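Q: Starting from these lines, generate the structure:
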Amino acid sequence: MFHSHRFDFVKVTAFVLIAAFVSIAQAELSDGLIAYWPFDVDGSDASGNGHDASLMGDAVIDVGLVNNGLDLPTNMPGGGGALNGWAEAANDSVFDLDGDFTLQAWVYYDSEQGGVNESVLIEHFSDAGGPGWTLTSFPQNGKDALFYGQGAVGIKSNNPAPDPNVAMDMWTHYVVTRSGSDYQIFADGQLAGNGTGGTSAVQSDQPLLFGMRNNGDGRKFPLNGTLDEVAIWGRTLDVIEIESLYNLGQGMSLSGTVTQPTEVAWSKDASGDFNLRNNWSPGRVPDIALGDPNNQITNITFGDVITTPQTVYTNSDVSVTQVTFLNANKYAIAGTGSVNFVTNSVAPKIDVFVGDHEFQTDVSVGSDMSVTVGAGTSLTFDNSLNLNGNTLTKSGPGTLNINNNVVSGAGGTIDCQGGNCAGSGTIGGNLSNNSLVSPGNSPGILSVDGNFTQSAGGTLEIELVSNGGVAGTDHDRLAVTLAASLDGTLDLQLDGGYSPTIGDSFAGIVTAGTVSGSFATTNNVVIDGRQGVAVTYTETAVNAQIGLRGNTDIASGDIDVDTSDLTTSIINFTSAGGTGKTWADGDMDGDGDVDTSDLTTSIINFTSALSSGSAAVPEPTSFVLLSLGMVLLLGRSRARR
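A: The predicted model follows:
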């Protein structure tokens, strides 16, 4: 019987019972075939294993989905009705399915199916109750189907809204698989049912039947329609193989090779579960099962499918390799599970090209990884970031925020090589800065539960907001548990609403177990001609205070510029180009040297010591003249050299 309308079929997917994953990166669909009946010419077994099927009664070969199929044209509705067409293959123990297996059948239900409540697709079953197994369907309930047998297992799909029109006059793909005692059913490529059952063979003495029940059951359960591409494997196909066989409703022959995907993308304009394959394109959950070489997914893309901010959640631990963010709308990765970055043929990494995105779930770094954050974008870790002794290298001009409140793991290093590394959380390891580190979130405290090292190319940005003196409220702090090794630039940012006053103190803008080195340059030291930000160093801290420019001994509590301060500045006078000098040496503009400008500033702000012992201190006027003379003399001496 020729069904011309079949070329306008609705694309529906397969019923799948899956048992085990194939342990190969590229799976030949013919691997593990027990039998394959394409019904293109007759009932021959195209696997070459000799399990040919005979066409019985009025069964004919007619137009199918892939070339031709087995047409059972005259079956009448109702149990026990006239039955004029079926097919059968001789009984063989391989049909007992002793071990993992996969079944496949494409079926086309004719519209005149009528009141048939159950139709057998393929079975190796005895009498009305077994032993053996049967795959039957319920066309009046849409895509409902049942796999029964193998130790009294009954796995039924869960069609939520039976619709007599769903399965009629269209092709539907059914696949059944087993792995050990675990059974699953997928309807149209989607998981529709699962269960557990026997693992050993349940023998039947009946032939393998297509489109009818055995003679021991008078109900017959006839199929009024067409079967195509019926196959049995002695292994479990994975979901990618099954989707390839479904082929968007068009089917395919079993001679092809299935190439496993290496990339998947979030496919829903909505929040959803990371662990549902329907949320991904292609439909595979990108959770890398370590030790399963069949899973070669290396990149997950959160792309432009969403039109508003969405949350992707996982309440179980998942392992991934590379993640790419490509949307101006925020993706938040959340849930009670964790995201573990591991190597899977390539090193783990995160790329942020567009937008501001965040991990609200725990994140674990399983091997050295890179994070690239593009211009005008950001990536935030809001929960535990476990480095596990590995190095996370941050590059790109964008911002990496560490806002976690949980520290775990065995240390490691965040290596800031580009852009900004910021936040008010804790780095559970070391922090190396060759770019920009900005503690706090206007303001705040960034903690380093390890060592901090800043190179000559690095900048530490500290915000000074108010004069309350409380770290995290009035100013930023970098809090280092072990050693802080300093170089590069300290960039002081005075808040626009802050009015500095001499004596305002910002103790511990950097704290550490030990502090070595100093910042080669300090930006924004100068407030005006008289006031500046004095940055001083102790063995365990870097402090800042609003002071009178020229007051080199401000750290001792002194508040003026006296002869002692001028003497210190003169001793450290180096002219322009010197390095390694601090406020305590007389560097009043933060450029790392004590030059003519610094000395001039100190002299202008000279006030003499607040002491009654005036004989021990030269008169201000004469000392100023002496100092100016020395400045000119030293300046000329530098010039002659």
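
Q: quick one: the helices in the stretch 451-600 of the chain?
A: If DSSP state H, counting those that start in this stretch is used as the criterion, the helices of the stretch 451-600 of the chain fall at 563-571, 596-604.

Q: okay, now Thr514: neighbour count?
A: Other residues lying near Thr514 total 12 when counted by other C-beta atoms under 10 Å. Heads up, the C-betas are built off the backbone N, CA and C, glycines and all.

Q: Find me the pLDDT at the closest residue to it other than its chain neighbours, would you?
A: Of all residues not flanking Thr514 in the chain, Ala483 sits nearest, at 4.9 Å (C-beta to C-beta, 6 or more residues apart in numbering). The confidence metric pLDDT takes the value 98 at Ala483.

Q: now swap in Lys11 and tell me
A: For Lys11, pLDDT reads 27.

Q: Leu65 too?
A: pLDDT, read off for Leu65, is 88.

Q: I'd like the helices of the stretch 451-600 of the chain as TSV, with distance to Ser378 and mean pLDDT appended.
A: Formatted as TSV, those follow (distance: least, C-beta to C-beta, whole Å; pLDDT from 0 to 100):
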stretch	distance to Ser378	mean pLDDT
helix 563-571	43	89
helix 596-604	39	89
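
Q: Which one, of the ones you listed, ends up nearest to Asp205?
A: Distance to Asp205, taken as C-beta to C-beta, is lowest for helix 596-604 among those, at 104.4 Å.

Q: which strands and helices sit next to that closest one?
A: Using 3 or more C-beta pairs under 8 Å, 6 or more residues apart in numbering; DSSP states H and E, the elements in contact with helix 596-604 are helix 563-571, helix 620-640.

Q: returning to that earlier point: looking at the helices of the stretch 451-600 of the chain, which is closest to Gln417?
A: helix 596-604 (33.6 Å).

Q: what's across from the residue most central in space within the chain in the sheet?
A: Of all residues in the chain, the one closest to the mean position by C-alpha atoms, centre = their mean is Val323, 4.8 Å from it. Counting by DSSP bridges, Val323 is bridged to Ile300, Ile350.

Q: Contact partners for it?
A: With contact set as C-beta atoms under 8 Å, 6 or more residues apart in numbering, Val323 has these partners: Asn299, Ile300, Thr301, Phe302, Lys349, Ile350, Asp351.

Q: Reformat those residues as a markdown table; add distance to Ile232.
A: Output for these, formatted as a markdown table (distance: C-beta to C-beta, whole Å):
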| residue | distance to Ile232 |
| --- | --- |
| Asn299 | 35 |
| Ile300 | 35 |
| Thr301 | 37 |
| Phe302 | 39 |
| Lys349 | 43 |
| Ile350 | 44 |
| Asp351 | 44 |
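
Q: What is the nearest of the residues you listed to Gly130?
A: Ile300 (44.8 Å).

Q: In contact with the closest one, which residues?
A: Glu263, Val264, Ala265, Trp266, Pro286, Val320, Gln322, Val323, Thr324.

Q: Which helix or which strand is home to the second one?
A: The reference is to Val264. Assigned by DSSP states H and E, Val264 falls within strand 263-266.

Q: From Thr361, how far out is Gly398?
A: For Gly398, the distance to Thr361 equals 21 Å [C-beta to C-beta, to the nearest Å].

Q: Tell me which of these two has more neighbours.
A: Neighbour totals were compared for Gly398 and Thr361, and Thr361 leads with 24 against 21 (other C-beta under 10 Å).
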